[in-house]
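1. Next comes the sequence, and after it the predicted model I'd like to discuss.
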Amino acid sequence: GQQLNQSPQSMFIQEGEDVSMNCTSSSIFNTWLWYKQDPGEGPVLLIALYKAGELTSNGRLTAQFGITRKDSFLNISASIPSDVGIYFCAGQLKANRDDKIIFGKGTRLHILP
Amino acid sequence: NAGVTQTPKFQVLKTGQSMTLQCAQDMNHEYMSWYRQDPGMGLRLIHYSVGAGITDQGEVPNGYNVSRSTTEDFPLRLLSAAPSQTSVYFCASNLSGEQGNTEAFFGQGTRLTVV
């Protein structure tokens, strides 16, 4: 089945540093999504990408939909303490009515004091 | 607009017991799904539905049943709970491609412990 490889699994950074994480797949997706999950909460959508090559920003977050449609990255600039959490990439194929969303295993972001 | 509502938030079951996790959405989304989240495993799809009366299996369907009698509700049933089903369960809904954007909206989760 379709699988997403998300890396890194975890990151330990200093406040103010930039962060980069990515997802790759052996399958082509029509949509890439990036979510953040805070402790005890459900994932919340950060950025949605719908076109190959698309580069989208949301405040300090920037994400890109890879040209091959098999990868995506998320960058966070000038990290702050509230950026701590788990970040998930997700791909969606949208074949016929099958709109399954496949999730990566997540990148856990830690910010060192 | 409540979004996706899951109940209960916490549940402890004994092995062999059955229960139903409730999920309701008020956004008129056609597509609903159930995931389980385990440490290091990310979100794994259990079952999903592309519309009322239609359900299908995801990646880890064994031990779970679903039904979709209305657009709003998508309950998840554990027929005979096992310790391996201890997990955090998330329900999500999204518009299908025909209706527009397809971002999934998640509920707050149900933390289930089977002893």
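-> Nice, I can see it. Numbers count the residues shown, from 1 in each chain, chains lettered A, B, ... in the order given.
2. where does the chain dip in pLDDT?
-> Using chain A. Low-confidence segments of chain A (pLDDT under 70): A:1-2, A:94-99.
3. um, chain B though
-> For chain B (pLDDT under 70), the answer is B:1, B:96-101.
4. how about the residues of it near chain A?
-> Proximity of chain B to chain A (Cβ under 8 Å from any Cβ of the partner chain) is limited to residues B:4, B:31, B:33, B:35, B:40-45, B:48, B:50-51, B:56, B:58-59, B:90, B:92, B:94, B:96-97, B:101-109. C-betas here are computed from N, CA, C, even on glycine.
5. what's across from residue 45 in the sheet?
-> In the absence of a named chain, this looks at chain A. residue A:35 (DSSP bridges).
6. that's the wrong chain, I wanted chain B
-> Beta-bridge partners for residue B:45, by DSSP bridges, are residue B:35.
7. Then residue A:64?
-> Applying DSSP bridges to residue A:64 yields these beta-bridge partners: residue A:55, residue A:73.
8. So it is in contact with residue A:55, correct?
-> Yes - assessed by Cβ atoms under 8 Å, residue A:64 is found in contact with residue A:55 at 4.7 Å.
9. Compare the two (neighbour count), which wins?
-> residue A:64 (20 against 11; other Cβ atoms under 10 Å in any protein chain shown).
10. gap between the more buried one and chain B?
-> 17 Å (Cβ to the nearest Cβ, to the nearest Å).
11. Contacts only, for that residue.
-> A:49, A:53-56, A:72-73 (Cβ atoms under 8 Å, 6 or more residues apart in numbering or on different chains).
12. now residue A:24
-> A:4-5, A:70-71.
13. hmm, 10 Å instead?
-> Taking Cβ atoms under 10 Å, 6 or more residues apart in numbering or on different chains, we find residue A:24 in contact with A:3-7, A:66, A:68, A:70-73, A:89, A:91, A:104.
14. and what of residue B:29?
-> Going by Cβ under 10 Å, 6+ apart, residue B:29 touches B:4, B:51, B:71-72, B:74, B:92-96, B:99, B:102, B:104-105.
15. Those: which two are farthest apart?
-> Greatest spatial distance in those: B:72 and B:102, 18.6 Å, computed using Cβ to Cβ.
16. Quick one: which of the contacts of residue A:64 is the most crowded by neighbours?
-> Busiest of these [other Cβ under 10 Å] is residue A:72, holding 28 neighbours.
17. how about the strands in chain A?
-> A:4-7, A:10-14, A:19-25, A:31-37, A:44-49, A:55-58, A:61-65, A:71-76, A:85-92, A:101-103, A:107-112 (DSSP state E).
18. Kindly report the same for chain B.
-> B:4-7, B:10-13, B:19-25, B:31-38, B:42-51, B:54-57, B:64-66, B:76-78, B:87-94, B:105-106, B:110-114.
19. mind putting these in TSV, mean neighbour count included?
-> Output for the strands of chain B, formatted as TSV (neighbours: other Cβ atoms under 10 Å in any protein chain shown):
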stretch	mean neighbour count
strand B:4-7	18
strand B:10-13	14
strand B:19-25	19
strand B:31-38	24
strand B:42-51	21
strand B:54-57	14
strand B:64-66	19
strand B:76-78	19
strand B:87-94	24
strand B:105-106	20
strand B:110-114	18
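20. Much appreciated, bye for now.
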